[in-house]
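>>> Starting from these lines, generate the structure:
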Amino acid sequence: MVESIIGCKWSLSILRLLRNGINRPGEMQRQIDGLTTKVLNERLVKLSRFGIIDKIVYPESPPRVEYLFTEFGNQFLEIVDVVEKVQTNLDKKPR
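Numbers count the residues shown, from 1 in each chain. This next block holds a predicted model:
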């Protein structure tokens with residue numbers, strides 16, 4: 001599961017948006033160049049299936065959908081932070 005998410009640039013981008021309060025699919029798509037509706041929906045389903053985010057559907061017309069981190073999702077972000085910190089340190093390391 002971790003590799004499936006950490007290794008996917010789209011999933012990481014979506015997690016960053018959610019962390020920054022952007023939780024509606026339409027806004028996510030506008031924020032990320034090149035992200036298609038199909039890929040966005042696939043990643044949101046995957047993140048939901050893994051228990052990282054919850055989908056909230058509001059009974060409105062037109063329907064409004066938002067995604068929020070689960071308790072597990074907030075803990076998972078700690079793993080993401082560590083991996084990104086390691087990557088940053090590797091990028092700074094002289095070769």
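>>> Just to check, Asp65 is in contact with Ile56?
Residue 65: Val, not Asp. Yes - in this structure Val65 lies within contact range of Ile56 using CB atoms under 8 Å: 6.9 Å. Every residue, glycine included, has its C-beta placed from N, CA and C.
>>> and the residue lying closest to Ile52 once chain neighbours are set aside, what does it touch?
By the measure of CB to CB, 6 or more residues apart in numbering, the closest residue to Ile52 outside its immediate chain neighbours is Gly73, 3.9 Å from it. By CB atoms under 8 Å, 6 or more residues apart in numbering, the contact list for Gly73 reads 47, 51-53.
>>> Let me have the residues you listed in TSV, extended by distance to Leu77, neighbour count and secondary structure.
Below are the contacts of Gly73 laid out as TSV (distance: CB to CB, whole Å; neighbours: other CB atoms under 10 Å; DSSP: H, G, I helix; E, B strand; the rest coil):
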residue	distance to Leu77	neighbour count	secondary structure
Leu47	12	25	helix
Gly51	13	13	coil
Ile52	9	24	coil
Ile53	11	25	strand
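>>> So which residues of this protein form helices?
2-6, 9-19, 25-31, 37-49, 71-92 (DSSP state H).
>>> In the chain, where is pLDDT below threshold?
95 (pLDDT under 70).
>>> List the residues that contact the residue nearest the centre of it.
Nearest residue to the geometric centre of the chain (CA atoms, centre = their mean): Leu15, 2.5 Å. By CB under 8 Å, 6+ apart, Leu15 lies in contact with 5, 47, 52, 77, 80.
>>> any idea which of the residues you listed is closest to Lys38?
If you rank the contacts of Leu15 by distance to Lys38 using CB to CB, Leu47 comes first, at 15.2 Å.
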